[in-house]
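*Asks:* Here is the input, now give the coordinates:
(2 chains)
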Amino acid sequence: MLCLERRMLGLVGFIGGDLHATSGRLLRCTVRSSAVQQSSGSTHHPQRVWLSSQAPLCGHHTPKHRTGLYGPFTHPQQTLGSSRGPLSLFTQRVTLSQGPNTSTAKIRLRTRLVVTLLFGGGLLGTWWYVRNEKQQNHRMQRIEQLKKVALGQGDFSLLDHRGHRRTKRDFLGSWVLLYFGFTHCPDICPEELDKVSAVVSTLDKDRSLPAVQPLFVTVDPERDNVAALERYVKDFHPRLIGLTGTPEEVKVAGKDYRVYASPGPKDEDGDYIVDHTILIYLVNPDGLFLDYYNRMKDDVQIAESIRNHMKSYVKL
Amino acid sequence: MSAPNSNQRKACWGVRDELWKCLDDNQDNASSCDKFQKEFEASCPAQWVKHFTKRRDFLKYKDKMQTEGFELADGPKESRS
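*Replies:* Numbering: from 1, shown residues only, chains lettered A, B, ... in the order given. Below is the predicted model:
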């Protein structure tokens, strides 16, 4: 990239050098000799080598030369006779217009501007494209990492809060926000479910996004039967589905997501608190676990993250 | 015994917050907040009372660590033979 830049700058500088040649023969000479000085620094550059071939011409100026804009460059006989190389032919073609000198100067300026702008635009475009590729790579890497963790690969079969049997397959095709908890939870589960409800409501507002399905799976199947779940979920988002089952079925679902759950000691009322992992899991329409959110993430951040996942999912 | 519903939860949390505010105002002098304590125990299931009491203790401890600092305990000493 750097090499290409230098070559382009050399070209631009060379063209620019010609413009300065209007000031007089001496200046022309100086400019060309300075071009030679430039070239001596890096003789491996083909264009610079051509520039160096101009040097002897300084001394070859005859009074016959018109002090036109570009001196000897505007005389085809002169230029063809000398060993300029393709670069001078290029500039010569550009300058050989039939119009007056000032318009050729303007045309040259415009051409240079266009070339510079195009080149600048090209650079910016390349940078932007590379940056986007990098971001996409990062996202893919994270997804690969989470895939390796391979949560939620299995199938679960549970009863929803209306008593209907639901399996993982039933939820394929929609984005799922999954939370494990229990109805006797003092504060954390209601807070997290409020957060999930807020996230789903926020995303619902955006009509361009698919609907998210929130799920609440109990880690306390002994007490959280269908009726208990039905009472519980109605305090949250209307689409929230509560899921329960036999202790075995619930264990399978929990294990799938490596959910830790440990019922505490029972008190005299038979009440107990279940210690459990507090995470909200994001599952994509293919049933793949994509991301997780802990207590530190608020509903705005989670909604933003889900939006990004949805966008990159569509792209894939 | 069924789980508290949303209203009952909110009522419990409200009383808990009042109790904690009272304790904060009275430098954790439990006796001056006795009234709130009784209300708290009446509004919330026993397990929750225990849970929230432990939580308050933890929060106080965390505050203490953050403001007063702490000393790292000596780790287990290895015997070199």
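
*Asks:* Mind naming the longest helix for chain B?
*Replies:* Longest helix in chain B by number of residues (criterion: DSSP state H): helix B:46-68.

*Asks:* next structured bit after the helix or strand encompassing A:Tyr129?
*Replies:* Using DSSP states H and E, A:Tyr129 sits within helix A:101-149. Following helix A:101-149 in sequence order, the next helix or strand is strand A:157-160 (DSSP H and E).

*Asks:* What is that next one packed up against?
*Replies:* Taking 3 or more Cβ pairs under 8 Å, 6 or more residues apart in numbering or on different chains; DSSP states H and E as contact, the helices and strands that strand A:157-160 lies on are strand A:165-167, helix A:226-233, strand A:241-244, helix A:247-256. The way it works is simple: take the backbone N, C-alpha and C, and place the C-beta from them, glycine included.

*Asks:* could those be laid out in CSV, adding distance to A:Asp187 and mean pLDDT?
*Replies:* Shown next, in CSV, are these (distance: least, Cβ to Cβ, whole Å; pLDDT from 0 to 100):
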stretch, distance to A:Asp187, mean pLDDT
strand A:165-167, 28, 94
helix A:226-233, 14, 94
strand A:241-244, 18, 96
helix A:247-256, 21, 91
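
*Asks:* Could you say which of those is packed most deeply?
*Replies:* strand A:241-244 (a mean of 25; mean count of other Cβ atoms under 10 Å in any protein chain shown).

*Asks:* could I get the helices and strands packed on strand A:157-160 as TSV with distance to A:Pro190?
*Replies:* What follows is those, written out as TSV (distance: least, Cβ to Cβ, whole Å):
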stretch	distance to A:Pro190
strand A:165-167	23
helix A:226-233	9
strand A:241-244	13
helix A:247-256	20
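
*Asks:* Next one: the residue positioned nearest the centre of chain B from A:Val274, what distance?
*Replies:* With distances taken as Cα atoms, centre = their mean, B:Arg56 lies nearest the centre of chain B, 1.8 Å away. According to Cβ to Cβ, to the nearest Å, B:Arg56 stands 21 Å off from A:Val274.

*Asks:* on that earlier part again, which one, of the helices and strands packed on strand A:157-160, ends up nearest to chain B?
*Replies:* When these are compared by Cβ to the nearest Cβ, helix A:226-233 sits nearest chain B, at 6.4 Å.

*Asks:* Include distance to chain B when you put the helices and strands packed on strand A:157-160 into JSON lines, please.
*Replies:* Compiled in JSON lines, the helices and strands packed on strand A:157-160 are given as follows (distance: least, Cβ to the nearest Cβ, whole Å):
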{"stretch": "strand A:165-167", "distance to chain B": "22"}
{"stretch": "helix A:226-233", "distance to chain B": "6"}
{"stretch": "strand A:241-244", "distance to chain B": "12"}
{"stretch": "helix A:247-256", "distance to chain B": "17"}
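
*Asks:* which stretch among those comes nearest A:Asn132?
*Replies:* Smallest distance to A:Asn132 across the helices and strands packed on strand A:157-160 (Cβ to Cβ): 34.7 Å, for helix A:247-256.

*Asks:* what's whichever helix or strand comes after the closest one packed up against?
*Replies:* Toward the C-terminus, helix A:247-256 is succeeded by strand A:261-263 as the next helix or strand (DSSP H and E). Where contact means 3+ Cβ pairs under 8 Å, 6+ apart, strand A:261-263 is packed against strand A:274-276.

*Asks:* Is chain B within reach of the strand it packs on?
*Replies:* No: using Cβ under 8 Å from any Cβ of the partner chain, we find that strand A:274-276 stays clear of chain B, coming within 10.4 Å at best.

*Asks:* again with stretch A:184-193
*Replies:* Yes: counting by Cβ under 8 Å from any Cβ, chain B has neighbours in stretch A:184-193: A:184, A:186-187, A:190.

*Asks:* Of those residues - the most surrounded one?
*Replies:* Most neighbours among the residues of stretch A:184-193 next to chain B, by other Cβ atoms under 10 Å in any protein chain shown: A:His184, with 23 neighbours.
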